[in-house]
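build me a model from this:
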Amino acid sequence: MRHAASRERPRPGTRLRRWRLLAAGGSALVVAVALLGAVGMLPLGDVRMVASAKNSVLDNRSRQIADRSQRESAGEPAATPRPTASPSPSRTPTIKQAPAGVADATVALDAVAATVGDKMPAGTGSGKRIVYALSANHVWLVDADNTVHRSYLVSGTKFGQVSPGTYHVLRKRRHTTSYNGLDRMQYMVTFTHGPNAAIGFHDIPIVISSGKAIQTRLQLGQSLSDGCVRQDPPDAKALWEFAPVGTTVVVLR
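Numbers count the residues shown, from 1 in each chain. A predicted model of the protein is given here:
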């Protein structure tokens, strides 16, 4: 006795005979509908619609059964539809560009300043003071309790007009010009005098004729000035607000 799971599968011919009977019944239905349309009991449009639907269904079903019968006769398993692979997301990394101009200069300037370090050299005295290192082109603003308030790079003199020693803030000018009248500066804090003009801290000069800065912020840390100490504008403003007239300025070699 065979197991229930081993029952014979219906033969392909049996399916075809069943479908032919169904097709014949469908044809009879179409004929009946056509007769009703001819005597006026059904609109002609409905008759055409039924006939068209019947033919479409029969054609599709006939093709499916014929294909299945051929596969079963050949012993091939029925084809299963392959799942459609969903497109994988793009793996291209998003490249973020740094903002141009001032932001780039700020990042690079911070990196340069980090190489110098914020640690102030020893032996600079006590009390509120400005500490300026000539060779390092670095400035520290020191509070009365000996805490470093601010630390940053500058561009000092390239001619050596300033000597190491202790000075004091002599004068402050919000706006000024160079000794030859070609450049304009802001936040001038004078602490000594050279052969031709006062020497002090100010922002990066602007050439009056062109309106362009005389140097870039990235060049801070180099000795490029004719005598004064050039600072990034935010640092120049910070020193201006930090140091009233009389503040000690300690200049290191």
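
domain map for the chain?
Using automatic domain parsing, the domain parsing of the chain gives 11-73, 108-252.

pLDDT on the longest one, on average?
Spelled out, it's domain 108-252. For domain 108-252, mean pLDDT is 93.

got it, and the shortest one?
For domain 11-73, the per-residue pLDDT values average out at 52.

now stretch 148-165 - C-alpha only, PDB.
This file holds the C-alpha atoms of stretch 148-165, laid out as PDB (Å, rounded to 0.1, in the frame of the first residue of the first chain):
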ATOM      1  CA  VAL A 148      47.400  82.900  30.900                       C
ATOM      2  CA  HIS A 149      44.300  84.700  29.500                       C
ATOM      3  CA  ARG A 150      45.200  84.300  25.900                       C
ATOM      4  CA  SER A 151      48.100  82.800  23.800                       C
ATOM      5  CA  TYR A 152      48.600  83.300  20.100                       C
ATOM      6  CA  LEU A 153      51.100  83.700  17.200                       C
ATOM      7  CA  VAL A 154      52.100  87.100  15.800                       C
ATOM      8  CA  SER A 155      54.400  88.600  13.200                       C
ATOM      9  CA  GLY A 156      57.200  90.700  14.800                       C
ATOM     10  CA  THR A 157      59.900  92.900  13.400                       C
ATOM     11  CA  LYS A 158      62.300  91.600  10.800                       C
ATOM     12  CA  PHE A 159      64.800  94.400  11.500                       C
ATOM     13  CA  GLY A 160      65.500  93.900  15.200                       C
ATOM     14  CA  GLN A 161      64.400  97.300  16.400                       C
ATOM     15  CA  VAL A 162      63.000  95.900  19.700                       C
ATOM     16  CA  SER A 163      65.300  94.500  22.400                       C
ATOM     17  CA  PRO A 164      64.500  92.100  25.200                       C
ATOM     18  CA  GLY A 165      63.400  93.900  28.400                       C
END
